[in-house]
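Trainee: sequence first, then the predicted structure:
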Amino acid sequence: MIFTRLRMVGLSLLLAAPIALAQNNFDGTWKAYVIVGGQRITFNLVMGPGQRYSEIARSGTLMTRQAGTYVFSNGVLIRTVTDFDPKQRYVLDNGYSGHWERNAPPPGGSYRVNFTSSSTMVWQDINFGGTITFRRSR
């Protein structure tokens with residue numbers, strides 16, 4: 001009876017180890033999409049060694065990019081933006097002429113991360129409450 005219980009505990013620890021490792025393995029390419037105001041926005045997120053990331057968001061012919069670093073602790077991922085595009089936008093002063101203005105950097109964000117499998121993670125925005133589901137593509 002005791003031997004059977006010990007074997008069950010050992011087996012459960014062996015099965016839990018790969019799941020725990022998968023839950024902290026962000027490295028790879030992730031894809032997601034959301035619908036905002038009837039427009040589909042797709043995200044291509046690459047997370048690599050050294051806790052660095054790069055993300056491209058596309059909607060139709062429009063695209064933004066951000067890159068930076070992240071910290072993951074206690075189920076919360078915090079991103080810090082170090083580079084982004086576009087850095088400027090053209091603003092019309094009247095119907096015929098305008099000028100260039102610098103864009104503010106994106107905020108990066110803070111997310112509660114839940115791995116539903118080794119290839120799917122759900123991020124809940126801590127500040128704004130929305131969620132996005134990323135699926136590993138490579």
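Mentor: Noted; the coordinates are in hand.
Trainee: need the contact list for Gln124.
Mentor: Gln124 makes contacts with 111-112, 114, 130-131, as judged by Cβ atoms under 8 Å, 6 or more residues apart in numbering. Any C-beta I mention is one placed from the backbone N, CA and C, and that applies to glycine too.
Trainee: out of these, who's the most crowded?
Mentor: Tyr111 (23 neighbours; other Cβ atoms under 10 Å).
Trainee: lowest pLDDT pick from the contacts of Gln124?
Mentor: In terms of pLDDT, Gly130 ranks lowest among these, with 92.
Trainee: what are the boundaries of the strands in the chain?
Mentor: Assigned by DSSP state E, the strands in the chain fall at 28-36, 39-48, 52-59, 62-73, 76-85, 88-92, 98-102, 109-117, 120-125, 131-136.
Trainee: elements contacting the first one?
Mentor: Translated: strand 28-36. Applying 3 or more Cβ pairs under 8 Å, 6 or more residues apart in numbering; DSSP states H and E, one finds that strand 28-36 contacts strand 39-48, strand 131-136.
Trainee: neighbouring strands - and their directions - for that strand?
Mentor: strand 39-48 (antiparallel), strand 131-136 (antiparallel) (DSSP bridges).
Trainee: okay, these in JSON lines with distance to Thr82 next?
Mentor: Below are the strands paired with strand 28-36 laid out as JSON lines (distance: least, Cβ to Cβ, whole Å):
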{"stretch": "strand 39-48", "distance to Thr82": "14"}
{"stretch": "strand 131-136", "distance to Thr82": "21"}
